[in-house]
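> show me how the following folds:
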Amino acid sequence: MSLSTVEAIAGDLPPEDPAVKGIQGRTPLQLVVARLRTDRVAIISIVVILLIIILAIAAPLIAGITGHGATDANVDTGTDASGQPLPPGSAGYLLGTDNLGRDILVRIAYGARVSLLVGVLATAIATIVGVVVGLFAGYFGGWLDGILARIMDVVLSFPYVLFAIVLVSVFGSSLPLVILVIAFFSFAAIGRIVRGQALSQREKEYVEAAHSLGAGNLRIMFVDILPNLVAPVIVLATLLIPTAIIFEATLSFLGLGVTPPTPSWGNMLSDAEGVGFQAWWFYIFPMLFLLLTTLAFNLLGDAVRDALDPRAERIFAARRKKAA
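Next up is the predicted model:
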């Protein structure tokens, strides 16, 4: 076949469709995002979390619009003639008031700030400490592993409420103390998982290759091994946030957390203790926001765990096929 014949045949072929592209590689993050986009529960959870974050950020704006401070008692216009709290929908009080005439909506918005701050910050501290302790215990092994592993076992078995009572009786209740207590009792959960993974990873060939190239122990732990542990750490951190929020609410409910009159969902429920059904909004709304926040983080954590699991690809492929 001559060159002119080939050119003639090629000229008769239709032009290549620009929409047709070759197979393109995707990063692990792109794969996770693509999988989460097909998970309706994950999308709803993200929307709920974003709404809670917006509520927390807009707390000063809400207080300015309503004209009610989070700690301002207003028994004149915030309670009825008999001194009882106003129900939802009352003039100027969308979610009603408490027994001191304080705006429930404003206090819930400021309480969201406390819950999110405690949840994220305590989880971040616990994650950093847990990863470092777990890496050192699993990588070096021996007596160091024995000491660190036993410390984590003791922390996991220690009654945190009694420990918090002792600390509060000595130092007094405060938000930084609550964050440190929650982080202290949370790091062991991540540390044990990281330790087990590090024990397995240190026997892999790439670790031996790094040793043969003269890499130091710290470089191998944090540059070579740690990236292979990102997936379980992210999942655990996502699931620890709602645990920390519940932890803070429990301590505040018992009077060991955020000091009144600073609003917290926990001490709001404590203030509503003994209130009958006549003032149901006093405890229902803080309980509802606490439930929605923790449930959204838990469901998102489950979705992230599935998205990071390669064995769940068939499920996500079926979802994409059904959506198409």
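
> ok, the most centrally placed residue in the chain to Val304 distance?
For the chain, the residue nearest the mean C-alpha position is Ile241 (3.4 Å; C-alpha atoms, centre = their mean). Per C-beta to C-beta, to the nearest Å, Ile241 is found 11 Å from Val304. Every residue, glycine included, has its C-beta placed from N, CA and C.

> one step back: mind listing what the residue nearest to the centre of the chain touches?
Ile241 is in contact with 119-120, 123, 297, 301, counting by C-beta atoms under 8 Å, 6 or more residues apart in numbering.

> and for Ile220?
139, 207, 210-211.

> going by neighbour count, which of those residues comes out on top?
Tyr139 (21 neighbours; other C-beta atoms under 10 Å).

> that one: which element?
If you go by DSSP states H and E, Tyr139 is part of helix 104-140.

> low-confidence ranges in the protein?
The model of the chain has pLDDT under 70 over residues 1-29, 75-78, 81, 83, 274, 276-277, 310-324.

> which residues of it fall in helices?
With DSSP state H, the ranges of helices along the chain come out as 3-12, 28-37, 40-57, 59-66, 104-140, 142-157, 160-171, 175-201, 205-212, 217-219, 230-253, 265-271, 281-308, 313-323.

> looking at the ones you listed, which is closest to Pro88?
Nearest of these to Pro88, taken as C-beta to C-beta: helix 281-308 at 5.2 Å.

> got a list of what the spatially closest residue to Val131 that is not a sequence neighbour touches?
Leaving aside its sequence neighbours, Val131 sits nearest to Val194 (C-beta to C-beta, 6 or more residues apart in numbering; 5.4 Å). By C-beta under 8 Å, 6+ apart, the residues touching Val194 are 130-131, 133-135, 138, 229, 232-233.

> what's the closest of those residues to Leu254?
Nearest to Leu254 out of those is Gly130 (C-beta to C-beta; 25.6 Å).

> how about the closest one, nearest residue that isn't a chain neighbour?
Excluding its sequence neighbours, the residue lying closest to Gly130 (C-beta to C-beta, 6+ apart) is Ile190, at 3.1 Å.

> do Pro263 as well
Nearest residue to Pro263, sequence neighbours excluded (C-beta to C-beta, 6+ apart): Arg107, at 4.0 Å.

> Pro159 and Phe185, how far apart?
Pro159 is 10 Å from Phe185, by C-beta to C-beta.

> and those two? Which one has more around it.
Applying other C-beta under 10 Å to Pro159 and Phe185 shows that Phe185 carries more neighbours, namely 21 against 9.
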